[in-house]
Each structure stands twice: as C-alpha cells, then as structure tokens.
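Enquirer: 3D, please:
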Amino acid sequence: MSKATVAAIAAASAATGAGLTALFYSSPRPQPQPQPQPQPQLPQPPPQQSLPPPAALKTLHPQPAAPSLAPKPASGPVDPAGIYQYGFPGPVADTLLSSPLAGAYDRRMRNPSWVAEHITPQSLAQKNADRKGSTFFEDTTIPPLFRAKLADYFRSGYDRGHQVPAADAKWSQDAMDATFALSNMCPQVGEGFNRDYWAHFEDFCRNLAKKYPSVRVVTGPLYLPHRDQDGKWRVSYEVIGNPPNVAVPTHFYKVIYAEESPATAGKVALGAFVLPNARISNDKRLAEFEVPLEAIERASGLEFAAKLETGRRKRLCQEIKCDIVVREFNNANKRS
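Expert: Now for the predicted structure:
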C-alpha cells in the first residue's frame, strides 16, 4: 500500500474521532461527467495526499508476475511443501452463510472480515419478527479456539455491534435470530456510535429500498494506521476478552450497491463509506465519510466490484442525497 493511500484512509483514526475523517473526505467533489461514465465519480483527497487515478496504478505500481502454485516435484536438498503432510496452516476464512447474510470470518481478529445482506421493498414490508425474542449466541460453526465468546464482551465497555442489522431481518424470526451470532458482531463504541450515528446510517441503507428495487450492503471492520509523535505510521487497536483475543476495530466500512434493475443487469449506484469507531455528532453529513472504493479495498485486502463493468456503475451520492435522518432510537434495544 502506498504512503499516499495510507494517509488517505488513516487520516481519521479512532483516536481522533470523526472530525478528521470528515475533514479529510470533505474536499470538493468533481463535477458529474457525461454518460456513460468510465469510472464512478469519487471525492478527491487533498493535493498533498492525492491518489493517482485508478487507470494509472498499474503503471506506477507494476505487479510482478505471481509464481506458479502448481505442485512441483521436490528438487535439490529440501522439500518445503512437505509441511502439507501435517495440514495447511492457513489463513482460513470461515464461511458465514445463513438466511439473512453471507460473509467470511477472520479467525485472527475474532471478527467478521465482511458480511453481506440484501434489502428489498418486499423484505422490509414483512414484520414477522420481534427483537425481544432474539438473544446473542456464540457461533458454533467457528472452531472453539478461534470463535468470539459471550464472556469476551462482558464488561468490556463495548457494544456487540451488528454488522448486518437485526432490523433488516424482520421478515422472519429465524432470520433475525441469526443476526445475533457473535460472528456477525464487532466491538463498537455504544453511545454516540452504535446506538446513534451508526444506527442512523443503517436506517439510511433501508431507506434506499424506497428508490431502488434491490439494495446490497457489505459491512466490515478496518484496522487503520495512525501517525505517532515520531512521525511514523503504526497500527494500534484495543483487544478485549480473557484472554484478550477479540480485536476492537478502529473504523468500519459499508459498501452499498443500489441496483436499478437487477433482473436485467442494469445500472448500479455504488457508495463506499468509512466511519471511525468513535462518537460522531449527528450533525455530520454522511457524504463527509464517502471514500473511493479503492481505499477500502486496499485497507481491507478485499475486492468488491471486480466483475462490475464500469459502464454499469454510477456514484450513489450523485444519484441521491447522502445524509442521515436523525431518529430517536430506543437505546435500551440497542444496548448489548
């Protein structure tokens, strides 16, 4: 990852709260381009920390040819592949798959790497579940050595923060219950974030289904570097549990795919957002947390739109007003 990209995605570490995140990504947006757009229009970082355009990345940072991983007979005096006789060390990404979500689990952080959900007008219209009937539980599909446990969150000072919200799964009690698996949770700041701004952001995603027939959202944690007093960039995050093993993310991302006509492979309005795991004032505009999709991909090591042709892409915040509507959520229901 280039120093420019690190600066771009880390300028708002959790230690500095939402202020620097908003400051960094609140630079003027480029004007809309005539259709068709070759790339979604994304906010540009300040000149001193600017990223090269995506088309130039291959030129500026050429990737060496990957070595072939095809099995080869041992040659010379060593056989390093012989370790496989004892099993493949990893890393292993456990698959998360239930009726309301799909995703992958990060054994090292004891958090999901990403979790995807699908929101439709039909799913939101059905009210067949009650949150009071759901309880948090440990995901037994994750090996005991690597799973997050209920005791890890006890008196930690953090909420068990849903990545796929329970409120998006009211169409079925079983679906809502599944969102309470700890594999769908990350430690989140409660007051001012999980129970406030983040909840309003989740409501923003649901409201997209009023305009779009199909909305897909991928959510997950980030562990971003911050600059220390000596000027060097370091990654630092809290770890909770006993023994301490559940990482507290510094930031969270959401990648939104608002599909205009999914049945006919129509246009997709993409939105990418990064929020610090910290108190955020409700008067902050959501658009201030919009980032280039590439910034999330570089920070997370994930790819979100590799098969989405540029001709089908739009920028969500050019199609709609990217702002939250402040509602008085029942904080008792949001507490862990």
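
Enquirer: ok, Ala209 - contacts?
Expert: 119-121, 123-124, 215 (C-beta atoms under 8 Å, 6 or more residues apart in numbering). Heads up, the C-betas are built off the backbone N, CA and C, glycines and all.

Enquirer: for it, phi and psi?
Expert: Phi and psi for Ala209, reported as degrees, to the nearest 10, are phi -70, psi -10.

Enquirer: show me what the nearest residue to Phe289 once chain neighbours are set aside is bridged to.
Expert: Nearest residue to Phe289 in three dimensions, chain neighbours excluded: Phe273, at 4.7 Å (C-beta to C-beta, 6 or more residues apart in numbering). Counting by DSSP bridges, Phe273 is bridged to Lys254, Glu290.

Enquirer: roughly how far does Phe273 sit from Ile280?
Expert: Per C-beta to C-beta, to the nearest Å, Phe273 is found 12 Å from Ile280.

Enquirer: what's the answer for Ala258, then?
Expert: Taking C-beta to C-beta, one finds Ala258 at 23 Å from Ile280.

Enquirer: ok, Thr141 touching Asp94?
Expert: Yes. Between Thr141 and Asp94 there is a contact under C-beta atoms under 8 Å: 6.8 Å.

Enquirer: for the protein, what helix or strand is lowest in average pLDDT?
Expert: When the helices and strands of the chain are compared on mean pLDDT, DSSP states H and E, helix 54-60 comes out lowest with a mean of 40.

Enquirer: the stretch 1-150 of the chain: strands as residue ranges?
Expert: Assigned by DSSP state E, counting those that start in this stretch, the stretch 1-150 of the chain shows strands spanning 93-98, 101-106, 111-119.

Enquirer: okay if I get the ones you listed as TSV plus mean pLDDT and distance to Leu208?
Expert: Shown next, in TSV, are the strands of the stretch 1-150 of the chain (pLDDT from 0 to 100; distance: least, C-beta to C-beta, whole Å):
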stretch	mean pLDDT	distance to Leu208
strand 93-98	96	23
strand 101-106	98	18
strand 111-119	98	7
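
Enquirer: mean neighbour count for those - can I get that in CSV?
Expert: As requested, these are arranged in CSV below (neighbours: other C-beta atoms under 10 Å):
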stretch, mean neighbour count
strand 93-98, 16
strand 101-106, 21
strand 111-119, 22
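
Enquirer: quickly list what's touching both of Thr141 and Asp94.
Expert: Counting by C-beta under 8 Å, 6+ apart, the contacts common to Thr141 and Asp94 are Ser183.

Enquirer: what's the distance between Ser283 and Gln318?
Expert: One correction, residue 283 is Asp, not Ser. From Asp283 to Gln318 the distance is 23 Å (C-beta to C-beta).

Enquirer: please apply the same query to Pro121.
Expert: Noted for Pro121: a distance of 23 Å to Gln318, by C-beta to C-beta.

Enquirer: more neighbours, those two?
Expert: Gln318 (18 against 13; other C-beta atoms under 10 Å).

Enquirer: tell me the average confidence for the host helix or strand of the more buried one?
Expert: Gln318 is part of helix 316-319, with elements assigned from DSSP states H and E. Mean pLDDT, helix 316-319: 98.

Enquirer: could you list every helix and strand in contact with it?
Expert: strand 251-259, strand 268-276 (3 or more C-beta pairs under 8 Å, 6 or more residues apart in numbering; DSSP states H and E).

Enquirer: give me the helices and strands touching the last one, please.
Expert: Helices and strands touching strand 268-276, as assessed by 3+ C-beta pairs under 8 Å, 6+ apart, comprise helix 18-25, helix 197-207, strand 251-259, helix 293-300, strand 313-315, helix 316-319.

Enquirer: Throw the ones you listed into TSV and include distance to Thr179, thanks.
Expert: Below are the helices and strands packed on strand 268-276 laid out as TSV (distance: least, C-beta to C-beta, whole Å):
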stretch	distance to Thr179
helix 18-25	26
helix 197-207	12
strand 251-259	16
helix 293-300	21
strand 313-315	29
helix 316-319	24
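
Enquirer: any idea which of these scores lowest on pLDDT?
Expert: The bottom spot among those, by mean pLDDT, belongs to helix 18-25, with a mean of 45.
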